[in-house]
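J.: predicted model follows, preceded by the sequence.
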Amino acid sequence: MTFYDLDFLEKTFIHYAKENTRSWPEKHDQIPSSPGQVKMGKELTKQLQEIGLEAYFNEQTAFAIGKLPSNVDDTVTPIGFFSHIDTADYNAVDIQPQVHRNYDGGRVTLDEKAGLYLDPQEFPALKSCTGETLITSNGHTLLGVDDKAGITGILGMLKYLTAHPEIEHGSIFVGFGPDEEIGFGGQRFDPKDFPNVELAYTLENGRPGDFEYETFNASIAKVHIQGTAVHPGEAYGLMVNATTLMNDFLSQLPADEVPEKSKGHDGYFMVTSANSLVDHADLEIIIRDFDWDKFTAKEQFLKDLTAKLNQKYGDHRFTLNLRRQYLNIYNVIKDQPYVVNLALDAYQRLGIKPSIQTFRGGTDGNFITQKGIPTPNLFNGGGNYHGPFEYVTVEQIDKLVEVLTTICQEHLRQTREGRDNSPLKKYW
């Protein structure tokens with residue numbers, strides 16, 4: 001059953017999908033990292049104003065910020081929604097969205113000459129889109145579902161609420177931010193742009209009913225290894241080969257705690273870079289775990305290994321620089337269950353079966369949560385993110401619009417009648 005204007009959702013998504021907003025990690029010191037994000041951010045600001053919001057573009061953070069004021073006399077705390085403007089590190093030049101109406105559940109031709117197809121035999125979740133309006137790329141670029149589908153859903157919700165003033169709600173803030181894909185957008189978000197906002201949601205990936213309020217705890221370790229270079233003909237007792245030392249370090253990492261052997265609630269170490277010469281070597285290792293004690297134990301393991309190898313080879317051969325990147329939002333949300341229960345209650349009202357999952361990564365919500373606004377993740381209605389086989393359906397974006405609208409209504413209802421602060425149940 002259609003909730004909102006499918007034509008608006010389709011045209012809006014396609015319009016923004018065509019814009020090249022790929023973020024560039026090597027330019028992360030720029031805000032934002034790519035000019036296309038500024039263009040789209042200012043365009044979104046204008047659209048928010050046209051819808052009827054108080055809106056502006058924050059030049060310091062590159063967030064487009066909008067506020068839809070409350071239309072009730074009740075004292076109700078504002079809530080917020082976030083989506084990001086940038087797309088992942090994949091070709092975003094000349095994106096050509098393809099619309100497949102009343103998708104028949106079979107193989108979709110992206111580019112017949114190039115032999116590019118989207119096949120449910122390879123991507124079984126496509127079958128769930130049967131009968132819907134499917135949007136894909138032409139197989140040569142990504143589509144930008146992450147997170148232009150989320151942006152479209154938020155705009156649809158705002159259009160719906162302004163067109164239906166009889167629907168009561170408190171103040172709603174929205175933020176469209178840059179550089180989420182390279183880990184800098186949420187870090188730069190200024191909470192002053194969301195005054196008094198109690199809770200918020202990101203719209204990162206997933207299908208209707210998906211919900212994540214756990215993410216990894218994350219650290220990055222940089223290990224510098226100092227060798228001693230001597231002519232090999234005179235090396236006996238003198239040369240210390242940094243490559244040999246590096247291999248010793250790597251050999252002592254837990255062999256089974258790696259991404260390719262991890263799933264669900266498992267954490268891991270991942271060596272993302274290893275470079276060496278005789279006189280020096282450098283390693284980069286990321287640490288991920290949901291469980292706080294296991295996460296800190298992994299950090300301590302690298303500290304202890306560094307100390308052990310310095311004792312073996314001599315002090316200062318190994319130098320460890322350990323930096324935390326983001327923390328599991330559950331660390332905060334477990335003590336503020338209302339933000340989770342509110343979304344689940346909205347799902348229940350709509351007859352949507354929740355699929356609560358761990359988010360094996362991080363979102364802008366990690367940083368925003370640490371800044372005082374607990375921010376779990378909903379969905380945006382797409383699949384196969386970050387590559388040429390991305391897809392989304394207009395109907396699933398429409399379902400997102402309905403969920404967002406219902407959350408706003410449910411927040412007001414529970415403010416009046418009593419909040420659902422039930423303790424969170426362990427779902428894994």
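T.: Great, that's in hand.

J.: so for the nearest residue to residue 268 once chain neighbours are set aside, what's the pLDDT?
T.: Nearest residue to residue 268, sequence neighbours excluded (C-beta to C-beta, 6 or more residues apart in numbering): residue 262, at 4.6 Å. C-betas here are computed from N, CA, C, even on glycine. Per-residue pLDDT puts residue 262 at 95.

J.: helix/strand/coil for residue 42?
T.: When classified by DSSP: H, G, I helix; E, B strand; the rest coil, residue 42 comes out as helix.

J.: OK, contacts around it?
T.: 57, 64 (C-beta atoms under 8 Å, 6 or more residues apart in numbering).

J.: picking that back up, residue 254 is in contact with the residue nearest to residue 268, correct?
T.: No. With contact defined as C-beta atoms under 8 Å, residue 262 does not reach residue 254; the gap is 10.9 Å.

J.: neighbour count winner among the two?
T.: More crowded of residue 262 and residue 254, by other C-beta atoms under 10 Å: residue 262, with 17 against 11.

J.: got phi/psi on that one?
T.: Main-chain torsions, residue 262, degrees, to the nearest 10: phi -120, psi 150.

J.: for residue 117, give me its contacts.
T.: 107, 108, 109, 110, 139.

J.: spatially nearest residue to residue 19 (excluding sequence neighbours)?
T.: Per C-beta to C-beta, 6+ apart, closest to residue 19 is residue 40, 5.1 Å.

J.: in the chain, what secondary structure element scores lowest on mean pLDDT?
T.: Between all helices and strands in the chain, the lowest mean by mean pLDDT, DSSP states H and E belongs to strand 382-383, at a mean of 89.

J.: spatially central residue for the chain, please.
T.: The residue lying closest to the centre of the chain (C-alpha atoms, centre = their mean) is residue 363, at 3.4 Å.

J.: residue boundaries of the strands in the stretch 101-250 of the chain?
T.: Applying DSSP state E, counting those that start in this stretch to the stretch 101-250 of the chain gives strands spanning 108-111, 116-118, 134-136, 172-177, 199-202, 210-211, 217-226.

J.: and for the stretch 251-400 of the chain?
T.: Using DSSP E, counting those that start in this stretch, strands in the stretch 251-400 of the chain cover 268-276, 280-289, 318-326, 355-356, 382-383, 391-393.

J.: and of these, who's closest to residue 181?
T.: For the strands of the stretch 251-400 of the chain, proximity to residue 181 was assessed by C-beta to C-beta; strand 318-326 is nearest, at 13.9 Å.

J.: so what are the sheet partners of that closest one and their directions?
T.: Each strand paired with strand 318-326, and its direction, by DSSP bridges: strand 217-226 (antiparallel).

J.: what comes up buried for the partner strand?
T.: Within strand 217-226, the residues that qualify as buried are 217, 218, 219, 221, 223, 225, 226, counting by 16 or more other C-beta atoms under 10 Å.
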